[in-house]
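Engineer: Turn this into a structure:
(one chain, ligands or ions: 3)
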Amino acid sequence: MNKILKKEQLSDQVYRMQIATPLIANECKPGQFIILQVDDDFGERIPLTIADANPDAGSITIIFQSVGRTTHLLAEMNVGDSIPDLLGPLGQPTHIEKFGHVVCVGGGIGVAPLHPIAKAMKAAGNKVTIIMGARNKSLLIMEDEMREIADELIVMSDDGSYGRQGLVTVPLKELCEQSPKPDMAVIIGPPIMMKFGAETTRPYAVPTVVSLNTIMIDGTGMCGGCRVTVGDETKFVCVDGPEFDGHLVDFDNMIKRLGAYKDIEKKDHDEHHCKLDAAAKS
Ligand code: FAD
Ligand code: FES
Ligand code: MG
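Structural biologist: Ligands and ions are numbered 1, 2, ... in the order given. Purely as a prediction, here's the structure:
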């Protein structure tokens, strides 16, 4: 069950894994995610987007950045290993239809969850402009895959080491100023990027969808860990989302809640690293 069929390293800290899980591969749609647990007994559960699915092969693909203890442990697993627990597909699928011109904006690892959405938007007959950005060239992933889909691809790097220098909001604003303006924007990336992306499209009234990456535990709407404020309503990202109207999300509250366990996460990660170092030396 949940056997790793293929593993590739896409950049310094980003990995792509193909996992055998036929039921999820058959059921899942763009925008949905899984929750997995790496160690059997006391491991935490983490959500990862289904980046691709192949129902014929009975497999799904995940793309993840090794940022802390659990993603680090996952990155240490190899082809032939099995992931002890994997639950999905979870969340609401992306609303796909022919909107006209859709701008898809991905920042950092956000390019991975954006890929299946951009692909589905293109297949539905939309003109798709993709803006992808990262801090520097070494952190840019999936450029070739995105180029295959895009009618126009704009690559941005904060330091100018590749593509245009600057933030993804710069070309997004330029597109909004054009006539006709885009019919829709889909923005996925770090919360701060989604916040400023939504602020960029707001004055132009371009409908904007964001995919929220709140902390999740059960993924079934019971624990409340993933709650966010959208307009004047409280929503659970795991069952009501992960996608919401970016113009209505209270990003400041979400960003504050995301940092709630930073100290514990760092301690947990550092202790795990120490154990690994000790094992390597013995
Ligand atoms: P930690 O050091 O424990 O945490 C690092 C940061 O990750 C935290 O500060 C917090 O912001 C976030 N985080 C920690 N625990 C959780 C948790 N249980 N649930 C959610 N976020 C958490 N990352 C990818 O690399 N690829 C993806 O495709 C992807 N898809 C996601 C889809 C959804 C719906 C959500 C909510 C998150 C997604 N993430 C994705 C983020 C990923 O879940 C976190 O990077 C991961 O949980 C970090 O765990 P860690 O133990 O390695 O790091
Ligand atoms: Fe528990 Fe959403 S993860 S309610
Ligand atoms: Mg963790």
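Engineer: Where does residue 71 sit: helix, strand or coil?
Structural biologist: The local conformation at residue 71, judged by DSSP: H, G, I helix; E, B strand; the rest coil, is helix.
Engineer: And the residue lying closest to residue 250 once chain neighbours are set aside, which helix or strand is it part of?
Structural biologist: Excluding the flanking residues, the one nearest residue 250 by Cβ to Cβ, 6 or more residues apart in numbering is residue 229, at 4.0 Å. Where you see a C-beta, it was placed from the backbone N, CA and C, and this is true even at glycine. Residue 229 is part of strand 227-230 when elements are defined by DSSP states H and E.
Engineer: If you count contacts, what does that strand end up packed against?
Structural biologist: Strand 227-230 sits against strand 233-236, strand 243-245, helix 251-258, with contacts defined as 3 or more Cβ pairs under 8 Å, 6 or more residues apart in numbering; DSSP states H and E.
Engineer: Just the buried residues of the first one, please?
Structural biologist: Buried residues in strand 233-236, counting neighbours by 16 or more other Cβ atoms under 10 Å, are found at 235-236.
Engineer: Next to ligand 1, which bits of the stretch 1-150 of the chain? Give me the list.
Structural biologist: Residues of the stretch 1-150 of the chain found near ligand 1, taking Cβ under 6 Å from any ligand atom as the criterion, are 33, 44, 46-49, 63-65, 67-72, 109, 112-113.
Engineer: Those also near ligand 2: which ones?
Structural biologist: Applying Cβ under 6 Å from any ligand atom, the subset of these adjacent to ligand 2 is empty.
Engineer: Any of those buried? List them.
Structural biologist: 33, 46-49, 63-65, 68-72, 109, 112-113.
Engineer: Tell me how far stretch 110-118 lies from the chain's centre.
Structural biologist: Averaging C-alpha positions (Cα atoms, centre = their mean, to the nearest Å) puts stretch 110-118 7 Å from its chain's average.
Engineer: Can I get that stretch in PDB? Just the C-alpha atoms.
Structural biologist: The C-alpha trace of stretch 110-118 is given here as PDB (Å, rounded to 0.1, in the frame of the first residue of the first chain):
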ATOM      1  CA  GLY A 110       3.100  27.000  -5.100                       C
ATOM      2  CA  VAL A 111       3.900  26.200  -8.700                       C
ATOM      3  CA  ALA A 112       3.400  22.500  -8.000                       C
ATOM      4  CA  PRO A 113      -0.300  22.800  -6.800                       C
ATOM      5  CA  LEU A 114      -0.800  25.300  -9.600                       C
ATOM      6  CA  HIS A 115       0.200  22.900 -12.400                       C
ATOM      7  CA  PRO A 116      -2.900  20.600 -12.500                       C
ATOM      8  CA  ILE A 117      -5.200  23.700 -12.300                       C
ATOM      9  CA  ALA A 118      -3.400  25.500 -15.100                       C
END
